[in-house]
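K.L.:
please work out how this folds:
(chains A and B)
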2 protein chains.
Amino acid sequence: MKKLVLLAMAMMTMASVEAQEPQRLLTMEEAVLGTGLAVENLRCTWRANSASYSVVDQGVIYEVDPKTGARQELTTLEKINALLGTSLKYMPAYQMTGRGTMRFHTGKELVGIEPLRDSIVHRYAPPAGAEQARYADEGRFLYNSGGDLYWSDRGGEEHRITHYNDPAMVCGQVVSRNEFGITEGWLLAPDKMKVAFYRKDESRVSKFPLLDVTTRTGSLVEIRYPMAGMASEQVWVDIYDFESDRTVTLQVTDFDEERYLTNWSFSPDSKRIYVQVVARSQKEMRLNEYAVEDGRFLRTILEERNDRFVEPLHPISFLKEDPDAFLYTTSNRDGYRNIYRGSFAKGSLERLTKVDADVELVQVNGRYLYYTSAEVSPIENHLFRLDLKTGKSRRLTPDEGWHYCSLSPDGRYFIDNYSSLKVPRVVRLASTDGKLERELLRAADPSAALNYGEIELGTVKSADGQYDNYYRLIKPHDFDPAKKYPVILYVYGGPHSQMVQNSFQALLRRWEMLMAQRGYVVFVMDNRGTSNRGLAYEQAIYGQCGKCEMADQVAGLEWLLAHAWCDCDRVGVHGWSYGGFMTISLMTNYPDLFKVGVAGGPVIDWKWYEVMYGERYMGHPDQNAEGYAATSLIPMAAQLKGKLLICQGAIDPVVVWQHSLNFVKACIDHGVQVDYFPYPTHEHNVRGKDRVHLMQKVTDYFADYL
Amino acid sequence: MKKLVLLAMAMMTMASVEAQEPQRLLTMEEAVLGTGLAVENLRCTWRANSASYSVVDQGVIYEVDPKTGARQELTTLEKINALLGTSLKYMPAYQMTGRGTMRFHTGKELVGIEPLRDSIVHRYAPPAGAEQARYADEGRFLYNSGGDLYWSDRGGEEHRITHYNDPAMVCGQVVSRNEFGITEGWLLAPDKMKVAFYRKDESRVSKFPLLDVTTRTGSLVEIRYPMAGMASEQVWVDIYDFESDRTVTLQVTDFDEERYLTNWSFSPDSKRIYVQVVARSQKEMRLNEYAVEDGRFLRTILEERNDRFVEPLHPISFLKEDPDAFLYTTSNRDGYRNIYRGSFAKGSLERLTKVDADVELVQVNGRYLYYTSAEVSPIENHLFRLDLKTGKSRRLTPDEGWHYCSLSPDGRYFIDNYSSLKVPRVVRLASTDGKLERELLRAADPSAALNYGEIELGTVKSADGQYDNYYRLIKPHDFDPAKKYPVILYVYGGPHSQMVQNSFQALLRRWEMLMAQRGYVVFVMDNRGTSNRGLAYEQAIYGQCGKCEMADQVAGLEWLLAHAWCDCDRVGVHGWSYGGFMTISLMTNYPDLFKVGVAGGPVIDWKWYEVMYGERYMGHPDQNAEGYAATSLIPMAAQLKGKLLICQGAIDPVVVWQHSLNFVKACIDHGVQVDYFPYPTHEHNVRGKDRVHLMQKVTDYFADYL
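P.N.:
Okay, here's the model as predicted:
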């Protein structure tokens, strides 16, 4: 395993801010809601097919010439409200669809305007009961209603695409519970004459009851929830032709009926559609080609296999210059998620990005392929330009930190929005050839007067000695190494997460600082299984979720507790969701290490979690009975010694109540005391202002018992 | 209002037990489960139509001649098990149906045996899926299955009485949620040829979802729950003829379709049936007569009306000597529930028991009417014999205390099972003419070695100064008046309850003593609205449940807290159900008085409680919007200052989750902290061994925060 850390950064510290204003401490509202503490930002939006962008500045939208920086006023929020007769308070997210044309969603309507002419191109209000109305193209709007899919034209005439009227048959919506990168229920063909959409039959999926307490008598809300090992949903891809009003179904016969149809893309000529078909086992994937005309299967381009799992997250994309070529990022056969050029004809793959780091494709413009990657450091994200002719790559983001980059459609410019441990935010415009660079914003630190303690970013060896795990450590503002401080471990630990980055304040959750200000040392660390570290690191958890995550967290804590200023008898742990699972796992597997824990929406036994995510990491319960048994927290309830509070959204459709209530039952069965608190109207997370209540409760629990 | 207290008993105290054994303190298991602490008892069962009874003594049943006390062995548990091939561990409850014949339910079968002959008369195993199989008579067994009613004969041949096959139509089961004294779903006619049964249509009643977490994926259990003010169940009485297999429906047209059909009785000749028909408003009742033959309405015998509520609890009964006469206890028109002799012909009532106390009819035998009443004291229960000729009454239970009396069928003898503050239990046989008396058991105090503190029984004036409210007060075993003790109020307070009696240890719940042993003073008091004190006291709460109950409890506490040994800054309160409602009402209405509370299964707003009980005490929400609003705890959540823990059975079908989860939501809405704990597999009460966990949690909460 090659060493991941390219930047010498064993320990970077941020000195306490020397502020002019009188220093004070965070309030709970500030810590949780962040009111007044958002780092200043600049919204930049590229215009379609252009090299110009617009910015929103004090309620005014300006078009900007990237070359000169010259601004031209396009419109204002006031003018938009006057034009539409609306009373929007904030500029909605918009698209610049062409020179002088833009479109956006007001919350009620889809609207197209010509800002310079102060005229409305179209406005479309979806009918009552319509959900998720979105643009297909300028002339068509798609929406869901009662499980079926519809479209309207500009005149508002409604057309029905599906006619099932069956609550167990869902059309045009996200399938497979948003796994495999699925975020949309339909995909418009490039010729705009057809739309592919998902069709999901949930009739075999067991129902789970939720209680809506806000109605007069209380109401049942039943969701379909496919649990690991149980019957799952069946998914098809259908293609609808707007002109002929005809629908065809892709003739998928791979694996069994509970396969996943993921990451679709139409060929540029709209004649073929590519789907990455994954077996329910998730150990096999086939990239298949189908005819758009009649849905018939044409060929399998290539296959992926992995003993643990294959996880496609991006559709293939195409190279204008070469109709036989496609870009492909699903494979991590080389240990990292890199970008490959595939050949339709040969089914072969040629690796383009040759870095030992996970890579994300941004854009291809002719000779150049733009990508971001963790190759500088796992905790940094940088933009690179790969010359497809020479194979040489150039870093476009010189400053350390985490860069979010947005390229102009023509690939000539990019907006680089970045921060690092001590840099709240910089927004800059640069040309991809490196010749032009202009700083657009350098934000101030909004917490300068809040007496923050030191935030330290560093690494601790993983329990197996193979990796450097990154941590952030927050110390009290009045830290005195001669004193002893209670310790709080905040943990998530699950796949596809990264809690520690070299971005502003190292991704600090402000509540950690509030706790530090109240005299705790707070520690947060990424463990094996989390993202951006390559395949072996990610798959280390397979079949035994929680085991090596715990080992790593404990290794981190042991390093921390070796400091004389840590009170080893007062260690607390808090986390939500996977972090709730980790919290209870840690409390019960290391009962002498942790005195107090607060777990939110915890997974208790993976057999109660859903098929897609659950079986990816744990396999099928019949094939990994041992792994499920070894990670279940039900038998561990008897081992609980410390004080544990479990919080749960009472209508959580993600980690359903089956988990935490069964853990509570197990505690009761064993005569073990545990505490519990339901948030009656909240789902998997407690959001909005009620989150202040939640974090006050968490804080009080540590104050009372740690 | 006449003074209730006839016995001078302002304060009775129980000196600490002087025990021989070394004294120790109660464990939580002992306090909650009472293992090893049951007071010895003697099971006495009168044989039908006789003056002899049987006792169970060490697994042997003896028939006893009451005159001489001579015992004859009938059978033993061992013999019964041998005879039936069963392995019963305890002697089941049995009936002596005749000389040498008995019947009982083994848990699986209904069995009739002749013990002296060691022979089985019949044994009947209900078919799979049968619920509530019970004897109709020796030859017939009735049972429910899937909402329909069936009967079987001795040969096991099954006969169907109803054929609805509709989950919303329930036949032969208890209706009106066990209110109005309804405990059975059918009633056999005296001629044993017909059975009257309830039929309930719940199709309009809203459903409430409960979650069964014990199944693989979690399951919905939906109950029908009629909430105050909402659509309720509709009830009919049908009469089935076993021979003709025909069913008729009583032609009830009174009031509207949501009337209650209560307290039915067949005439001795089985030709008429009497039903006390109550309007949904519960302010009117009609005693109606119907023809058994065809169900037709014959006449209304009499009506009751009350501005607050009429609450029939007993069917009428008949006097052999006078076919025009019936005994009637529904009226409390004279301020107390007394016994009246009615005339069918005249519809008139003649008051028989002329005492200012609530009276219960026990039995009539010719010239004598036996009744129990609170006329000696509201906290004592005594048996009286009223001479119907002379109108003179004689008390048959000379000793102070609470007497449970069971008369021989011929009225010549009775078994008196009683206790009082210092007397654990005495069982005696006496003749009703006063000539014979024999003590059968004098039980020892099983808690003698448990270092109980003093239990004091006394009265405090109600908040309106009109009544003496009875309390019990438990002090630590090592009580020192020079010290200050935290105080715990245990409260119920709802109608049809009496927490304080002059029975052994004044109805102490052992947990109170455990708390006293841990250094708390515990106080329990009955308030206005509770039972055994007459109409005005009972109805004082009407329309404003909680208001005068709280006032009385606070009056009691004020008296208590005036003692120098009470720590007024450390007052806690605990109660369940109505007591949970009282707990939260007290915590929020008197936020400066109570520091800590634990409420179980609390009513939060009466609009979420059921129609029958809820509308009796609160009226219809449309007609008493003010009362519902004034007693709702939702707006009071903002007033909560102290620490409050709410415990709830998560599948509570009585006080549904709508209550406590909405209170939690209200607390969250107001940013008020509150604690919560669900018992996932428990209904309205936490029963069995898990109750130890519950009471440990309650105890810990007071230990942590009071």
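K.L.:
contacts only, for A:Leu361.
P.N.:
Contacts for A:Leu361 (C-beta atoms under 8 Å, 6 or more residues apart in numbering or on different chains) come out as A:314, A:317, A:327, A:329, A:339, A:369-371. (C-beta placed from N, C-alpha, C; glycine too.)
K.L.:
er, A:Gly543 actually
P.N.:
Taking C-beta under 8 Å, 6+ apart, one finds A:308, A:617-619, A:624, A:627 in contact with A:Gly543.
K.L.:
how about A:Ser343?
P.N.:
Taking C-beta under 8 Å, 6+ apart as the contact definition, A:Ser343 lies against A:324-325, A:349-350.
K.L.:
which of those residues sit farthest apart?
P.N.:
Pairwise distances across the contacts of A:Ser343 peak at 12.9 Å for A:Asp324 and A:Leu349 (criterion: C-beta to C-beta).
K.L.:
pLDDT weak spots in chain A?
P.N.:
Low-confidence segments of chain A (pLDDT under 70): A:1-21.
K.L.:
so which residues make contact with the top strand by length along chain A?
P.N.:
Of all segments of type strand in chain A, defined using DSSP state E, the longest is strand A:566-576. The contact list for strand A:566-576, computed with C-beta under 8 Å, 6+ apart, reads A:484-493, A:520-521, A:557, A:560-561, A:581-583, A:586-587, A:593-602, A:685, A:698, A:702, A:706.
K.L.:
ok now it, how far from the chain's centre?
P.N.:
28 Å (C-alpha atoms, centre = their mean, to the nearest Å).
K.L.:
ok, that strand: who's next to it in the sheet?
P.N.:
strand A:485-490 (parallel), strand A:596-600 (parallel) (DSSP bridges).
K.L.:
mind listing what's buried along stretch A:669-688?
P.N.:
A:672, A:674-686 (16 or more other C-beta atoms under 10 Å in any protein chain shown).
K.L.:
quick check, nearest of those to chain B?
P.N.:
Distance ranking of the buried residues of stretch A:669-688 against chain B, using C-beta to the nearest C-beta, places A:Pro680 first at 4.1 Å.
K.L.:
what kind of secondary structure is A:Val376 in?
P.N.:
What DSSP: H, G, I helix; E, B strand; the rest coil gives for A:Val376 is coil.
K.L.:
separation between it and A:Arg385?
P.N.:
According to C-beta to C-beta, to the nearest Å, A:Val376 and A:Arg385 sit 14 Å apart.
K.L.:
A:Met582 belongs to a strand?
P.N.:
No: the assignment for A:Met582 by three-state DSSP gives helix, which leaves it out of any strand.
K.L.:
follow-up on the earlier one: give me the more crowded residue out of A:Asp324 and A:Leu349.
P.N.:
Per other C-beta atoms under 10 Å in any protein chain shown, whichever of A:Asp324 and A:Leu349 has more neighbours is A:Leu349, with 19 against 11.
K.L.:
OK, contacts around the spatially closest residue to that one that is not a sequence neighbour?
P.N.:
Nearest non-adjacent residue to A:Leu349, counting by C-beta to C-beta, 6 or more residues apart in numbering or on different chains: A:Tyr340, 4.2 Å away. If a contact means C-beta under 8 Å, 6+ apart, then A:Tyr340 has A:327-329, A:331, A:349-352 as its contacts.
K.L.:
can you rerun that using 7 Å?
P.N.:
When contacts are counted by C-beta atoms under 7 Å, 6 or more residues apart in numbering or on different chains, A:Tyr340 touches A:328, A:331, A:349-352.
K.L.:
element containing the residue located most distally from the centre of chain A, please.
P.N.:
Among residues of chain A, the one most distant from the C-alpha centroid is A:Ala482; the distance is 41.1 Å, by C-alpha atoms, centre = their mean. Using DSSP states H and E, A:Ala482 is not contained in any helix or strand.
K.L.:
filter the contacts of A:Ser343 down to just the ones in strands.
P.N.:
Using DSSP E, these in strands are A:324-325, A:349-350.
K.L.:
closest to B:Val656 out of the residues you listed?
P.N.:
Using C-beta to C-beta, the ones in strands among the contacts of A:Ser343 come closest to B:Val656 at A:Leu349, 59.4 Å.
K.L.:
how far away is the closest one from A:Asn338?
P.N.:
Separation of A:Leu349 from A:Asn338 (C-beta to C-beta) stands at 10 Å.
K.L.:
same check on A:Tyr470?
P.N.:
22 Å.
K.L.:
now what about stretch A:203-214, what contacts it?
P.N.:
Contacts of stretch A:203-214 with the rest of the structure, by C-beta under 7 Å, 6+ apart, involve A:168, A:218-227, A:230-233, A:650-651, A:653, A:656, A:680-681, B:209, B:211, B:217-218, B:220, B:657-658, B:661-662, B:665.
K.L.:
show me how chain A divides into domains.
P.N.:
As given by automatic domain parsing, the domain ranges for chain A are A:40-125, A:156-310, A:451-705.
K.L.:
need the winner for burial among the ones you listed.
P.N.:
domain A:451-705 (a mean of 21; mean count of other C-beta atoms under 10 Å in any protein chain shown).
K.L.:
how far is that domain from where the chain is centred?
P.N.:
Distance, stretch centre to chain centre, for domain A:451-705: 19 Å (C-alpha atoms, centre = their mean).
K.L.:
could you do stretch A:379-399 as well?
P.N.:
24 Å.
K.L.:
which SS state does the residue lying closest to A:Ala666 once chain neighbours are set aside fall under?
P.N.:
What sits nearest to A:Ala666 in space, not counting adjacent residues and going by C-beta to C-beta, 6+ apart, is A:Ala637, at 3.6 Å. What three-state DSSP gives for A:Ala637 is helix.
K.L.:
surely A:Ala637 meets A:Ile668?
P.N.:
No: using C-beta atoms under 7 Å, A:Ala637 is not in contact with A:Ile668; the gap is 8.7 Å.
K.L.:
just the contacts of A:Tyr340 now: which is nearest chain B?
P.N.:
Nearest to chain B among the contacts of A:Tyr340, counting by C-beta to the nearest C-beta, is A:Ser331 at 35.0 Å.
K.L.:
ok, now how distant is A:Ser206 from A:Ala168?
P.N.:
Distance, A:Ser206 to A:Ala168, using C-beta to C-beta: 12 Å.
K.L.:
again, but for A:Asn451
P.N.:
With C-beta to C-beta as the criterion, A:Asn451 and A:Ala168 are 56 Å apart.
K.L.:
same question for A:Gln58.
P.N.:
A:Gln58 is 50 Å from A:Ala168, by C-beta to C-beta.
K.L.:
mind listing what A:Ile646 touches?
P.N.:
Taking C-beta under 7 Å, 6+ apart as the test, what A:Ile646 contacts is A:599, A:602, A:660, A:663, A:674, A:676.
K.L.:
would JSON lines of those residues with secondary structure be doable?
P.N.:
JSON lines is the format used below for those (three-state DSSP):
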{"residue": "A:Ala599", "secondary structure": "strand"}
{"residue": "A:Pro602", "secondary structure": "coil"}
{"residue": "A:Ser660", "secondary structure": "helix"}
{"residue": "A:Phe663", "secondary structure": "helix"}
{"residue": "A:Val674", "secondary structure": "coil"}
{"residue": "A:Tyr676", "secondary structure": "strand"}
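K.L.:
closest to A:Gln251 among those?
P.N.:
A:Pro602 (42.2 Å).
K.L.:
wait, that closest one sits on A:Asn662?
P.N.:
No: applying C-beta under 7 Å as the test, A:Pro602 and A:Asn662 come out as separate, 10.8 Å apart.
K.L.:
and A:Tyr492, helix, strand or coil?
P.N.:
Recorded secondary structure, A:Tyr492: coil (three-state DSSP).
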